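Enquirer: Quick one: sequence and predicted model below, then my questions.
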Amino acid sequence: MSGSASAKPDERQPDPRERHKYLAGPGALLGGPANVVMQLSLAPVGRGVVESTVESGRFDLHPRKRGRTTLTYLAVAMLGTDEEREAYRAATDSSHRHVRSRPGSPVKYNAFDPELQRWVAACIYRGVVDSLTFLYGPLGDEDADELYRESARFGTTLQMRPEMWPADRSAFAEYWASTSALICLDDEVKAYLLEQVVDLGPYNRLEQLLFRRVNRFFTTGFLPPRFREELGLRWGPGRQRAFELVMRVIGTITAAGPESWRLYPLNRHLADMRRRRALGKPLV
């Protein structure tokens, strides 16, 4: 499919199994913290997170619950039916309606703002492409165009209108360049990202000792230079080579295994969402 096709993103409804080839398995989770950094580097998104009064959805208070919610959202967006996406959108809206700037906030924001949701979707798409590239090598043009078109679902599963997704990969590159030029971290958001996301602040002392340096390494490796510099994270050619080597080894192992390796953990979170929905339990 050509990236310059006239059909609107998200217009065709292919078999979800066609998207399996774009899943990267557990290796993609290593880039999750970096994607959070990217999303929050746009001031309204960052302020919306650090000022959020929805305690049940705060990563710094409930990291495992927040992780489950995020992975379920990704699973529903990529693999769920239209009906499931509608149900998850409604559940997410119930939390988002409380996330808006208050008097005295340094930046105005609203979690229902489709422009902010487009930025979040763009970061997720960029993270998916980076994960696949580091693990398996660059995508061919046909697969890259198809993945791009399908990635509109990251936004349309929320409030982003389909026509807001840039028309093709070239248009996306222009959008990414212009919007990422606006990123700015104030001291509070920067501290939140370094302490809570990069250095695993919400986790216990043992987990920090075991995983903090590993998390910092992969988070820094996945970040584009502009975002890395905003956080003051050190990097260099030697670390870049080591990062790319480790990722390619993980990709080689994953590619040699069964398809279920690439589906995990999104398949598990999609099944859990379906179970919770059937039982009438909250989805987020």
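Expert: Yes, it's here.

Enquirer: buried ones in the strand or helix carrying residue 84?
Expert: Assignment of secondary structure by DSSP states H and E places residue 84 within helix 82-96. Across helix 82-96, burial judged by 16 or more other Cβ atoms under 10 Å covers 84-85, 87-89, 91-92, 95-96. C-beta: built from backbone N, CA, C; applies to glycine.

Enquirer: And the residue minimising distance to the centre of the chain, how far from residue 208?
Expert: Per Cα atoms, centre = their mean, the C-alpha nearest to the average position across the chain is that of residue 124, at 3.6 Å. Summarising the geometry, the distance separating residue 124 from residue 208, computed by Cβ to Cβ, to the nearest Å, is 26 Å.

Enquirer: what's in contact with the least confident helix or strand in the chain by mean pLDDT?
Expert: Across the helices and strands of the chain, the lowest-confidence element by mean pLDDT, DSSP states H and E is helix 259-263, at a mean of 86. The list of residues contacting helix 259-263 from outside it, by Cβ atoms under 8 Å, 6 or more residues apart in numbering, reads 20-21, 23-26, 254, 267.

Enquirer: residue ranges with poor pLDDT in this structure?
Expert: Across the chain, residues meeting the criterion (pLDDT under 70) sit at 1-20.

Enquirer: those helices in it, which residues are they?
Expert: Counting by DSSP state H, the chain forms helices over residues 32-40, 43-50, 63-79, 82-96, 114-136, 141-150, 153-156, 169-180, 187-192, 205-222, 225-231, 237-256, 259-263, 266-278, given from the N-terminal end onward.

Enquirer: of all those helices, which lies closest to residue 198?
Expert: Across the helices of the chain, residue 198 has its closest neighbour in helix 205-222 (5.4 Å, Cβ to Cβ).

Enquirer: Enumerate the positions of the closest one that are buried.
Expert: Within helix 205-222, the residues that count as buried by 16+ other Cβ under 10 Å are 215-222.

Enquirer: could I get those residues as a markdown table with distance to residue 44?
Expert: Formatted as a markdown table, the buried residues of helix 205-222 follow (distance: Cβ to Cβ, whole Å):
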| residue | distance to residue 44 |
| --- | --- |
| 215 | 26 |
| 216 | 26 |
| 217 | 29 |
| 218 | 27 |
| 219 | 22 |
| 220 | 24 |
| 221 | 27 |
| 222 | 23 |
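
Enquirer: for these, which one is nearest residue 114?
Expert: Nearest to residue 114 among these: residue 222, at 26.0 Å, using Cβ to Cβ.

Enquirer: Enumerate every residue touching the closest residue to the closest one other than its chain neighbours.
Expert: For residue 222, the nearest residue in space outside its immediate sequence neighbours is residue 34; the separation is 3.6 Å by Cβ to Cβ, 6 or more residues apart in numbering. Listed by Cβ under 8 Å, 6+ apart, the contact set of residue 34 reads 127, 218-223, 227.

Enquirer: From residue 70, how far out is residue 34?
Expert: Here the distance between residue 34 and residue 70 works out to 13 Å (Cβ to Cβ).

Enquirer: sorry, back to before: out of the helices of the chain, flag the one nearest residue 102.
Expert: Comparing those by their distance to residue 102 (Cβ to Cβ), the top pick is helix 43-50, with 10.2 Å.

Enquirer: tilt between the closest one and helix 82-96?
Expert: For the pair helix 43-50 and helix 82-96, the angle between their directions (axes from the mean of the first three to the mean of the last three Cα atoms, to 10 degrees) equals 80 degrees.
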